[in-house]
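Test case, fold it:
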Amino acid sequence: MLAFRRAKVEDFEKIKQIIKDCGLCDCDLERWLNDFMVVEEDGNVIGTGGIENYGEYGILRTVAVLPDFRNQGIGDGLVRSLINLADRMGIKTLFLFTDKAVNFFERVGFRKTNRSEIQENCPESKQLSSCPLSFIPMRLNISEFFENIKCK
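Numbers count the residues shown, from 1 in each chain. All right, here's what the predicted structure looks like:
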């Protein structure tokens, strides 16, 4: 059975390993660990993702599901759980960077944007300097997400 939950300190090493195994950036991970979630199957962490919180703005980061568990809707459930968490944190606009998952995130409701919008609203994020320029920046208006019939 799957469980989506907030990450705990004891999950940190597994989170780092999943991020590494999936080839994603682990920069500044310790700073944001309290705002990470994990997906467990039978007590084993199989996916993770987090939020960098900058008040009304946030960055969805390092969403990763182990390869053996992909294409089963787990990533979709994780992203929607993180959007819900961001909403509860008071975040109004959520950004992300992706290189391979533009279509996936567009299905959830994210739209392409430009780096300058993220730079303006989340200037302290290390994602701005660590994500290659080839990565696509995207944004989601959280209130529009919840108004969309597809999210219900």
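
For the rest of this, base every contact and every neighbour count on C-alpha atoms.
Fine.

So which residues of this protein form strands?
2-6, 36-41, 44-54, 57-65, 93-98, 111-112, 136-141 (DSSP state E).

I'd like those as JSON lines, with distance to residue 86 appended.
Formatted as JSON lines, those follow (distance: least, CA to CA, whole Å):
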{"stretch": "strand 2-6", "distance to residue 86": "12"}
{"stretch": "strand 36-41", "distance to residue 86": "11"}
{"stretch": "strand 44-54", "distance to residue 86": "7"}
{"stretch": "strand 57-65", "distance to residue 86": "7"}
{"stretch": "strand 93-98", "distance to residue 86": "8"}
{"stretch": "strand 111-112", "distance to residue 86": "17"}
{"stretch": "strand 136-141", "distance to residue 86": "11"}
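
TSV for the ones you listed, including mean pLDDT and distance to residue 21?
Formatted as TSV, the strands of the chain follow (pLDDT from 0 to 100; distance: least, CA to CA, whole Å):
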stretch	mean pLDDT	distance to residue 21
strand 2-6	94	20
strand 36-41	95	15
strand 44-54	95	11
strand 57-65	95	9
strand 93-98	96	16
strand 111-112	97	26
strand 136-141	97	21
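
Can you tell me how far residue 57 is from residue 19?
As judged by CA to CA, to the nearest Å, residue 57 and residue 19 stand 23 Å apart.

likewise residue 54?
Distance, residue 54 to residue 19, by CA to CA: 22 Å.

Looking at those two, which one has more neighbours?
Between residue 54 and residue 19, counted using other CA atoms under 10 Å, residue 19 has the larger neighbour count: 21 against 18.

For burial, what's the neighbour tally of the closest residue in space to residue 45 that isn't next to it in sequence?
Once flanking residues are discounted, residue 45 sits nearest to residue 39: 5.7 Å by CA to CA, 6 or more residues apart in numbering. Residue 39 has 24 neighbouring residues, counting by other CA under 10 Å.

could you list every residue that touches residue 39?
2, 3, 4, 5, 45, 46, 47, 48, 74, 78 (CA atoms under 8 Å, 6 or more residues apart in numbering).

thinking again about what came up before, residue 28 is nearest to which of the strands of the chain?
Among these, the nearest to residue 28 by CA to CA is strand 44-54 (9.8 Å).

How about the contacts made by residue 3?
Residues counted as contacts of residue 3 (CA under 8 Å, 6+ apart) are 39, 40, 41.

Before I go, just wanted to say thanks for your time.
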